[in-house]
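Asks: Sequence first, predicted coordinates after that:
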Amino acid sequence: TAPIGVLALQGDFREHLAVFEELGADAIPVRRPEDLERVSGLVIPGGESSVMDKLSRLFGLADPLKSAVASGLPVFGTCAGLIMLADSVLDAIDGQQTLGGFDVTVRRNAFGSQLDSFETDLDVPALGEPAVHAVFIRAPVVERVGDAVTVLSALDDGRIVAIEQGNLLGTAFHPEITGETRFHEYFLEKVRTRA
Ligand code: GLN
């Protein structure tokens, strides 16, 4: 079977590769359009979305990535990766573009400078017990969701931080850095049962 790809232009792609390795799933870094053609699913990691955007265009990956999302490739975006998958972004850097796919509006750095990073335990009913220990680092928040979007988790104040739409999965936080594997397992299941 085809490996999972992890977009490896920038950000914490190594951590995602390590989670797949822990789960015994074949995963490869994706840096060129040829890499993308080989994969059965793709993770877009955390990092800095404006830089990832620039690099993806520079390396000729932006259009292949958009086509892959549109064709129904399962894609999991964490933090900056979620921003990359949003149709609309608030507080974007000048000229910043996204791949789109999620019918949502996401706000970058939504927790402000007072609270750059924090950790909390999140209920994610789709993943069962126990709660997910979630690390937020200059994280975005989902401020508008279209009808096709399922909310997987929100903070106590109602701010949406995990979503799913068709073959897309997104979290505002970083399950790849806490020893949490359930989001990756959930994603692998989406890849297996790809519509
Ligand atoms: N603030 C970053 C951005 O706008 C995201 C941070 C992260 O991925 N941890 O892309």
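Replies: Good, I have the coordinates. Numbering: from 1, shown residues only.
Asks: Quick check: the gap between the most centrally placed residue in the chain and S40.
Replies: Nearest to the mean C-alpha position of the chain, by Cα atoms, centre = their mean, lies G77 at 0.8 Å. For G77, the distance to S40 equals 17 Å [Cβ to Cβ, to the nearest Å]. Just so you know, the C-beta spots here come from the backbone N, C-alpha and C atoms, and that holds for glycine as well.
Asks: just checking, what packs against the helix or strand hosting the residue nearest to the centre of the chain?
Replies: Remark: G77 resides in strand 75-78, with elements defined by DSSP states H and E. When contacts are defined as 3 or more Cβ pairs under 8 Å, 6 or more residues apart in numbering; DSSP states H and E, strand 75-78 packs onto strand 41-44, helix 80-85, strand 168-171, helix 182-192.
Asks: and stretch 84-98, is it in reach of the ligand?
Replies: No. Using Cβ under 6 Å from any ligand atom, we find that stretch 84-98 stays clear of the ligand, coming within 7.9 Å at best.
Asks: Going by contacts, tell me the helices and strands next to whichever strand or helix holds V104.
Replies: Applying DSSP H and E as the criterion places V104 in strand 102-107. Applying 3+ Cβ pairs under 8 Å, 6+ apart, one finds that strand 102-107 makes contact with helix 80-85, strand 86-90, strand 141-145, strand 160-165.
Asks: Lovely, talk soon.
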